[in-house]
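Trainee: All I have is the shape, not the residue letters:
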Ligand SMILES: O=C(O)C1=C[C@@H](OP(=O)(O)O)[C@@H](O)[C@H](O)C1
Ligand SMILES: C=C(OP(=O)(O)O)C(=O)O
């Protein structure tokens, strides 16, 4: 479908079961593949990013059985490093596949080629490669320096002490952490400078602990991991619902009124993006948490603008940028420089498309300020092959104005059924 026009939605209500978390699905798949034993994963996400991880693992000799609905996967682990592949590993635009596999493939023996979509070749990986090279890895850039595609000639990873930069993506540290237990010696990883998107490190440490590996976390400044370990399968794991995917439904309730309850993510969730609901609360919505759900109801007063550092929830922060269209005043979202190196340059894309619906936008190097117009305008929103642009702009329909989303199929990266599920809460 070239485009999808959403007609005005005057209120929302209902209960939604959110599909599995991308961040958890791809971490669990990788550790299940490295582990000793068989892991049955339930509520796995069925989306492009996970499909790329599964396809790569299959080429690397990992055997798994996927149910017909692709949500249950039984993975037989390699009890150590992955096998070799003569074929290039095509990883699409999945950061959670490209970064962790780059580190994990250095552990074994053999040659690998890691490729992806053109945008993946514009997403940096140099900080991870530098750290892996310092541990003895042989990695070659097949295109531009510091970017995929990559060639890896693996011969195991050494230990000792290594530094890694965390100011562009936390995925570099995640990748190194997940590979570290299989290194030849004990490893101390020190974060060199600032660490962005910190809650994703908690997801990583949580999944590692499920597979029997403890990491000594010295206040996110350094991490100590024993080498020569083997991940142990926990037998079965259920993937939580995706907290970033939940944000669109929760925001809808805050904007349009009615109550929406999202199942799959709750107070007990390990995902930092559950904290998106705190931002809605600051804007004036009523939020209730259960262990496995979050429920939002619009407050009695109109939403009000916020001025916040949202570095800890970079994905859900995008949802605040379009929620701001419904808040009184100017909303500022700060400390989000790395929006520029994700599926598209999200700061620039967001500013351009918000202006099309009439908003007054200031785009800074690492912030965005959004002031809503008196009246939203109908526009055809370009989505830049970025699932979150498509999902965020669906919120514009919660007004008197329709919105047209170009290339709505781009939600397949993390949420193929998004528009169908969104339609179920429209009243
Ligand atoms: O580790 C992860 O699962 C992720 C980390 C975040 O990336 P950065 O650390 O690059 O901000 C996030 O934006 C991405 O969608 C998923
Ligand atoms: C940044 C994102 O993806 P990736 O895992 O490819 O980094 C995202 O899903 O918003």
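Mentor: Yes, it's here. Only a predicted model underlies this, so the values are computations on that prediction, with no experimental measurement involved. Ligands and ions are numbered 1, 2, ... in the order given.
Trainee: For the stretch 301-427 of the chain, which segments count as helices?
Mentor: Assigned by DSSP state H, counting those that start in this stretch, the helices in the stretch 301-427 of the chain fall at 314-323, 346-356, 387-393, 418-425.
Trainee: actually the chain, not the one I typed
Mentor: Applying DSSP state H to the chain gives helices spanning 22-34, 48-59, 95-105, 126-134, 171-179, 199-210, 243-256, 276-283, 314-323, 346-356, 387-393, 418-425.
Trainee: what number of residues lie near residue 291?
Mentor: When neighbours are defined as other Cβ atoms under 10 Å, residue 291 has 8 of them. C-betas here are computed from N, CA, C, even on glycine.
Trainee: Please apply the same query to residue 312.
Mentor: With other Cβ under 10 Å as criterion, residue 312 counts 16.
Trainee: For the stretch 301-427 of the chain, what lies in contact range of ligand 1?
Mentor: Residues of the stretch 301-427 of the chain lying close to ligand 1 (Cβ under 6 Å from any ligand atom) are 314-315, 338.
Trainee: So what are the structural domains in this protein, by residue number?
Mentor: Domain assignment of the chain by the TED database yields the ranges 3-19+241-425, 22-223.
Trainee: To ligand 2, which of those domains lies closest?
Mentor: Smallest distance to ligand 2 across the domains of the chain (Cβ to the nearest ligand atom): 2.7 Å, for domain 22-223.
Trainee: From one end of that closest one to the other, what's the distance?
Mentor: 24 Å (Cα to Cα, to the nearest Å).
Trainee: swap in stretch 222-235?
Mentor: 30 Å.
Trainee: just stretch 187-203 next, same as before
Mentor: Stretch 187-203 has an end-to-end distance of 20 Å (Cα to Cα).
Trainee: Could you list the buried residues of it?
Mentor: 187-189, 191-192, 195-201, 203 (16 or more other Cβ atoms under 10 Å).
Trainee: ditto for stretch 211-218
Mentor: 211-213, 215.
Trainee: Could you tell me how far that stretch lies from the centre of the chain?
Mentor: 22 Å (Cα atoms, centre = their mean, to the nearest Å).
Trainee: go on, stretch 137-146?
Mentor: 24 Å.
Trainee: Identify the residues contacting that stretch?
Mentor: 102, 106, 113, 121, 124-126, 129, 132-133, 147-155, 157 (Cβ atoms under 8 Å, 6 or more residues apart in numbering).
Trainee: try 7 Å this time
Mentor: 106, 121, 124-126, 129, 132-133, 147, 149-153, 155, 157 (Cβ atoms under 7 Å, 6 or more residues apart in numbering).
Trainee: How about stretch 14-22?
Mentor: Contacts for stretch 14-22 (Cβ under 7 Å, 6+ apart): 43-45, 47, 49-50, 96, 239-243, 245-246, 249, 260-265, 271, 414-415, 421, 424-425.
Trainee: swap in stretch 357-372?
Mentor: With Cβ under 7 Å, 6+ apart, stretch 357-372 has contacts from 321, 324-327, 330-337, 347-348, 350-351, 354-355, 373, 375-377, 379, 396.
Trainee: Also stretch 165-180?
Mentor: Contacts for stretch 165-180 (Cβ under 7 Å, 6+ apart): 30-31, 95-96, 99-100, 102-104, 106-107, 124, 127-128, 131, 157, 164, 187, 189, 191-198, 200-201, 204, 208, 215, 223, 225, 338, 341.
Trainee: sorry, back to before: so can I have CSV of the helices of the chain showing mean pLDDT?
Mentor: Listed next are the helices of the chain as CSV, based on pLDDT from 0 to 100:
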stretch, mean pLDDT
helix 22-34, 99
helix 48-59, 98
helix 95-105, 98
helix 126-134, 98
helix 171-179, 99
helix 199-210, 98
helix 243-256, 98
helix 276-283, 98
helix 314-323, 98
helix 346-356, 99
helix 387-393, 99
helix 418-425, 98
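Trainee: Format the ones you listed as TSV; extra columns: distance to residue 308.
Mentor: As requested, the helices of the chain are exported to TSV (distance: least, Cβ to Cβ, whole Å):
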stretch	distance to residue 308
helix 22-34	22
helix 48-59	27
helix 95-105	24
helix 126-134	26
helix 171-179	23
helix 199-210	15
helix 243-256	14
helix 276-283	7
helix 314-323	8
helix 346-356	16
helix 387-393	17
helix 418-425	25
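Trainee: will you turn those helices into CSV that also has distance to ligand 2?
Mentor: Output for the helices of the chain, formatted as CSV (distance: least, Cβ to the nearest ligand atom, whole Å):
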stretch, distance to ligand 2
helix 22-34, 6
helix 48-59, 6
helix 95-105, 3
helix 126-134, 13
helix 171-179, 6
helix 199-210, 9
helix 243-256, 7
helix 276-283, 13
helix 314-323, 4
helix 346-356, 8
helix 387-393, 5
helix 418-425, 13
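Trainee: Which residues of the stretch 51-200 of the chain lie near ligand 1?
Mentor: 95-96, 169-171, 174, 196-197, 200.
Trainee: change it to 8 Å
Mentor: 95-96, 99, 168-171, 174, 196-197, 200 (Cβ under 8 Å from any ligand atom).
Trainee: Which members of the residues you listed are classed as buried?
Mentor: Buried residues within these, counting neighbours by 16+ other Cβ under 10 Å: 95-96, 99, 168-171, 174, 196-197, 200.
Trainee: which one among the residues you listed gets closest to residue 57?
Mentor: When those are ranked by distance to residue 57 (Cβ to Cβ), residue 96 comes first, at 13.1 Å.
Trainee: and the nearest residue to residue 213 once chain neighbours are set aside, what is it in contact with?
Mentor: In space, residue 213 comes closest to residue 181 once its chain neighbours are excluded; the distance is 4.8 Å by Cβ to Cβ, 6 or more residues apart in numbering. In this structure, residue 181 makes contact with 213, 225-227, 229, 231, judged by Cβ under 7 Å, 6+ apart.
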